[in-house]
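Enquirer: got a predicted model here, sequence first, then my questions.
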Amino acid sequence: MADIEIRNSQYVPIQYQLAGLRPRITAYLVDLMFQIGFVVVFFLLGFPKVGFFLVSFYAFAFEWSLSGQTPGKKLIGIRVIKPYDETPTWEDYFIRWIFRLVEVLLASGSVAIIGIAS
């Protein structure tokens, strides 16, 4: 994995290790298992629409409430950060969520994989 150095507002360098393709895909698969579990549980309880609603907002809700981590990211030990050591806001997570929907629906995730691998 590559390292990146960010200087905070006091110009103190902070180094982060960028997550590679393998940890990101592993975290995604763990999250996918959680999402499938939500759908199955709510389907068995007779509320399939609730399950699909929760899955629709899964990434946005967890990243916002867990400081940039979904359960899969937390398990793998990665999180979303912003340049210059700023804490991402709910708007940042919302924009990520919108672009993730567009990218996955239109390109099946290939744009993200190419961007991460390069």
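Expert: The structure has been received and is ready for your questions. Numbering: from 1, shown residues only.

Enquirer: going forward, measure contacts and count neighbours with C-alpha atoms only.
Expert: Will do.

Enquirer: can you give me the neighbour number for the closest residue to residue 88 other than its chain neighbours?
Expert: For residue 88, ignoring the flanking residues on the chain, the nearest one in space by C-alpha to C-alpha, 6 or more residues apart in numbering is residue 82 at 5.9 Å. By other C-alpha atoms under 10 Å, 12 other residues sit near residue 82.

Enquirer: check which helices and strands the helix or strand harbouring residue 91 sits against.
Expert: Assessed by DSSP states H and E, residue 91 sits inside helix 90-107. Under the contact definition 3 or more C-alpha pairs under 8 Å, 6 or more residues apart in numbering; DSSP states H and E, helix 90-107 sits against helix 58-65, helix 110-117.

Enquirer: repeat the analysis, applying 6 Å as the threshold.
Expert: In this structure, helix 90-107 packs against helix 58-65, with contacts taken as 3 or more C-alpha pairs under 6 Å, 6 or more residues apart in numbering; DSSP states H and E.

Enquirer: one step back: pull the distance from the helix holding residue 91 to the chain's centre.
Expert: On the basis of C-alpha atoms, centre = their mean, to the nearest Å, helix 90-107 is displaced by 10 Å from the centre of the chain it belongs to.

Enquirer: buried residues, it. List them.
Expert: 90, 92, 93, 94, 96, 97, 100 (16 or more other C-alpha atoms under 10 Å).

Enquirer: and the fourth one, how far from residue 101?
Expert: Read that as residue 94. 11 Å (C-alpha to C-alpha, to the nearest Å).

Enquirer: helix, strand or coil: sort out residue 78 for me.
Expert: Assigned by DSSP: H, G, I helix; E, B strand; the rest coil, the conformation of residue 78 is coil.

Enquirer: ugh, wrong one, I meant residue 54
Expert: Reduced to three states by three-state DSSP, residue 54 is helix.
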